[in-house]
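J.: When you get a sec, could you give me coordinates for this:
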Amino acid sequence: MTETEGFSMISMKEIGKICGVTESTVSKALRGHAGIKQATRERVAEVARKYGYQPNAMVECMQTGKSRSIGIACNNFQCMFTGAVMDGIHKTLHDYGYDSYVICWDRLVKDDIDLLSRFVRRRVDGLLLLPMECPPSPSHIAQLHSFHNPVVLIDQVWRGSDFDYVGSDNRGGAAALVERLIAAGRRRIGSVIFTEVSSGEERRTGFLDAMFRHNMPVDARFLCKVTDSKSSYEEIRKLLSAEERPDALVCFNDYLANDALNAAFDLGIRVPEELAITGFGNLPICEKLRPALTTVDQHAGLIGQTAARLLMERITGNETGPCRELLVPANPVYRQSCGCAL
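T.: Predicted coordinates for the structure are as follows:
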């Protein structure tokens, strides 16, 4: 067997023939078994490197009980926030030498397919769950509780669940935006809210915290509740078309803030002179909008890294305590759309 012929297909048995040892000895040497002489371990490692040996993942999983892979349930693959979170996740997985198996959570829910079956078949060592379109039903949560490996939720939490969670300081970030608007002299501050998810409720609470702290009136006419992105533009335009309209809008995320900018432009409302607009997320589009969008940086990549690191700590046994909630700081980024940029 030449080096070229064996490069991609060499087995432990063939390594053993080259080294003059048994296949069992090769296996133990590659795993650093204490009973194997140092010279033998070095010789086996040298041959394995020379011929490009790669362990069989299925065999390794049976031997160790670990697949060195995790499952990721995702939804909106086109979302820039999700993309940044996924980038952070895979940076951490790379550091740990782990792979991932990704499924579209919402598609399985809509087709009434068992959520965990595909993950279980692949023996994943843990799960990372990104936000889904609709909150999970009690039966879906029960399925997750039946999964015996670690589970970490990202960006959204659900009632009735007790899993590790990594997200943003939504409440603090929203409050900081409102504080700045009040300091800039805005008095009719409204909000475009999406309370169907936990992060929306937290940002709404932060908005109210700052308003009440400064004894500012909360006018129900200036609160625009949206339930989906398809109707958000029309809802915001309706709010801004009223005779009495806000002089500032704090939006749930950057996408809704973009809708608000478009609605203001179409109605001839000058931003920020007549209307301040803020978003949440600090997506790449924020600097490209005109005026550039004031927002809150969620540090999406760091959220992904933190979630993956917490999951790996659970998998390796370095983290064994009760469920944890880790909040990544959410920092305001002031640009032209609020009229109070630094």
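
J.: so where does the residue nearest the centre of the chain fall, helix or strand?
T.: Per C-alpha atoms, centre = their mean, the C-alpha nearest to the average position across the chain is that of Val85, at 4.1 Å. Element membership for Val85, per DSSP states H and E: helix 80-96.

J.: mind listing what's buried in that helix?
T.: Neighbour counts over helix 80-96 (16 or more other C-beta atoms under 10 Å) mark 80-86, 88-90, 92-93 as buried. Placement of C-beta: from N, CA and C, glycine included.

J.: burial measure for Asp106, as a count.
T.: For Asp106, the neighbour count with other C-beta atoms under 10 Å is 16.

J.: So Val47 sits against Cys19, correct?
T.: Yes. With contacts counted by C-beta atoms under 8 Å, Val47 reaches Cys19, the gap being 5.8 Å.

J.: neighbour-wise, which of those two wins?
T.: The neighbour comparison of Val47 against Cys19 (other C-beta under 10 Å) goes to Val47, with 20 against 17.

J.: Could you pull up phi and psi at Leu223?
T.: For Leu223, the backbone dihedrals (degrees, to the nearest 10) come out as phi -100, psi 110.

J.: do the same with Arg335
T.: Note on Arg335: backbone dihedrals following degrees, to the nearest 10 are phi -130, psi -160.

J.: Now do the same for it: its pLDDT.
T.: Arg335 is assigned 96 on the pLDDT scale.

J.: try Thr92
T.: 96.

J.: measure it to Arg324 for me?
T.: 16 Å (C-beta to C-beta, to the nearest Å).

J.: Repeat that for Gly160.
T.: Where Arg324 is concerned, Gly160 sits at a distance of 18 Å (C-beta to C-beta).

J.: who's more crowded, the two?
T.: The neighbour comparison of Gly160 against Arg324 (other C-beta under 10 Å) goes to Arg324, with 14 against 10.

J.: What segments of this structure are helices?
T.: 3-6, 12-19, 23-30, 38-50, 57-64, 80-96, 105-110, 117-121, 138-145, 170-183, 198-213, 232-241, 254-267, 300-316 (DSSP state H).

J.: which residues touch the third one?
T.: Read it as helix 23-30. 12-13, 15-16, 19, 21, 35-36, 40-41, 44-45, 48, 55 (C-beta atoms under 8 Å, 6 or more residues apart in numbering).

J.: and if we set it to 10 Å?
T.: Outside helix 23-30, the residues that touch it by C-beta atoms under 10 Å, 6 or more residues apart in numbering are 11-19, 21-22, 33-38, 40-45, 47-48, 53, 55, 59, 63.
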